[in-house]
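S.K.: this one's sequence-less:
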């Protein structure tokens, strides 16, 4: 299935309305993805049907992006995260960024570009800091 930005926004909006159904690992059961697929039939304008599996994969992809942005935000020495410009990496921070991306491949698109769905996913699953002083 092809997802437009509008499709993704609608999908995440739906998941927000049913976030009480979320289980461990910030995941949903198959019945929630089936219901999401039914919901998407009424709002999708292009890109074909978003079936249960397409909805599950889309949620997994959104979670991965959200979690890597959380890791980016935890890094010191870089400017603050920008919804428009991502990590805001400059020539002075490029070496540290390249090392980070070497360990976190999914971070690569966020070097100097934000993610428009960050706050939508944040409403569904807040990022949990990890470490010894948390």
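M.R.: Arrived safely. If you're wondering where the values come from, they're calculated on a predicted model, not measured in any experiment.
S.K.: quick one: the residue nearest to residue 81 when sequence neighbours are not counted from residue 79, how far?
M.R.: Across the structure, with Cβ to Cβ, 6 or more residues apart in numbering as the measure, the residue nearest residue 81 apart from its sequence neighbours is residue 73 (4.8 Å). C-betas here are computed from N, CA, C, even on glycine. In this structure, residue 73 and residue 79 are 11 Å apart, going by Cβ to Cβ, to the nearest Å.
S.K.: likewise residue 124?
M.R.: When distances are taken as Cβ to Cβ, residue 124 and residue 79 turn out to be 27 Å apart.
S.K.: Settle it for me: which of the two has more neighbours?
M.R.: When neighbours are counted by other Cβ atoms under 10 Å, residue 124 comes out ahead of the other of residue 124 and residue 79, with 20 against 12.
S.K.: What residues does the more buried one make contact with?
M.R.: The neighbourhood of residue 124, defined by Cβ atoms under 8 Å, 6 or more residues apart in numbering, consists of 12, 15, 16, 19, 22, 26.
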